[in-house]
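Asker: Any chance you can model this:
(2 chains)
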Amino acid sequence: MPTAADSLFRALADPTRRAIFERLTRNGEQTVHALTERSGVSQPMVSKHLSALKRARLVRNRRQGRETHYRATPEALAPLVDWIGHYSTFWREKFDRLGDVLERMDK
Amino acid sequence: MTTSDTSTRSVVVEKEYPHPPEKVWRALTESSLIEQWLMKNDFKPIAGHSFSLRREPMPNWNGVIDCQVVTVEPCKTLSYTWGALGLGTVVTFTLTATDAGTHVRMEQSGFHADQEANYKGAKYGWQNFLGNLERVVGGLA
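Answerer: Numbering: from 1, shown residues only, chains lettered A, B, ... in the order given. You can find the predicted model right below:
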């Protein structure tokens, strides 16, 4: 597996980091301050998690005055979104159900 | 895994059923039968007909797939466009009579690895993705 995907998996392996990333994905740009208030961990810990996410290019930051704002860059997830795998599973399941329907049509 | 190119990829699933092509064709083209194995729909086997497939809504997605019939060759070929989550693809079913029944080949083509699709896909695939994450990470160690 390429190192880029590797670092993505590692960055998202931690549930607190996932929660932070997911919140940024859903709610848009937020300050470290705002993220800390909701995360249930200390600000240094939040900053540490944000650094890990930033290394994996999952978030970007900008400074404004005393606050640092972070936003998600979900494009970085691209290597992990395996559409082929997703739809293969989907159609295999549907094909099984199609077989069941064909059986029932006889009756 | 290809990550940043703009190539088009496809999914192929094949299966042989112990039933004649005429019967398989009905299951692929009659709305009430389609619902039983695929999704709720307002499909009609008429080229150019627009229809939708509906599954349960989920976070970030209303569960609607917008489709349009492209090809209808009774008992042989059925294809329709498949638009969901910024991903425009074409689904083609090809039926071939065999000694034992019917061989069905489904190809979904046109997976563009463009940013828009991946972004929306990332949102949609979120739960599955997270669900598998720990297991995958375990394999990295």
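
Asker: Show me what counts as buried in stretch B:39-57.
Answerer: B:39, B:41, B:43, B:45, B:51-53 (16 or more other Cβ atoms under 10 Å in any protein chain shown). No exception for glycine: its C-beta is placed from N, CA and C like everyone else's.

Asker: outside of that stretch, which residues touch it?
Answerer: Residues from elsewhere that reach stretch B:39-57 (Cβ atoms under 8 Å, 6 or more residues apart in numbering or on different chains): B:29, B:31, B:34-35, B:38, B:63-72, B:74, B:78, B:80.

Asker: if we can go back for a sec, so which of the buried residues of stretch B:39-57 comes closest to chain A?
Answerer: residue B:39 (8.7 Å; Cβ to the nearest Cβ).

Asker: So residue B:108, which state does it fall into?
Answerer: Under DSSP: H, G, I helix; E, B strand; the rest coil, residue B:108 falls in the strand class.

Asker: thought it was touching residue A:88?
Answerer: No: using Cβ atoms under 8 Å, residue B:108 makes no contact with residue A:88, being 9.2 Å away.

Asker: can you list residues touching both of these two?
Answerer: The contact sets of residue B:108 and residue A:88 overlap at residue B:11 (Cβ under 8 Å, 6+ apart).

Asker: re the thing from before, list the ones among the contacts of stretch B:39-57 that fall in strands.
Answerer: Counting by DSSP state E, the contacts of stretch B:39-57 place B:64-72, B:78, B:80 in strands.

Asker: Now a ChimeraX select for only the buried ones of those residues.
Answerer: The following ChimeraX line selects those of the ones in strands among the contacts of stretch B:39-57 that are buried, judged by 16+ other Cβ under 10 Å:
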select /B:65,67,68,69,70,72,78,80
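
Asker: Between residue B:108 and residue A:88, which has more neighbouring residues?
Answerer: residue B:108 (22 against 15; other Cβ atoms under 10 Å in any protein chain shown).

Asker: give the contact list for that one.
Answerer: Residue B:108 neighbours (Cβ under 8 Å, 6+ apart): A:87, A:91, B:10-11, B:82, B:89-92.

Asker: Name the residues linked to it by a beta bridge.
Answerer: Note on residue B:108: beta-bridge partners residue B:11, residue B:91, judged by DSSP bridges.

Asker: Any regions of chain A where pLDDT drops low?
Answerer: A:1-6, A:9, A:75, A:77-85, A:107 (pLDDT under 70).

Asker: swap the cut-off to 80 and go again
Answerer: Residue ranges of chain A with pLDDT under 80: A:1-10, A:12-15, A:25-26, A:74-87, A:106-107.
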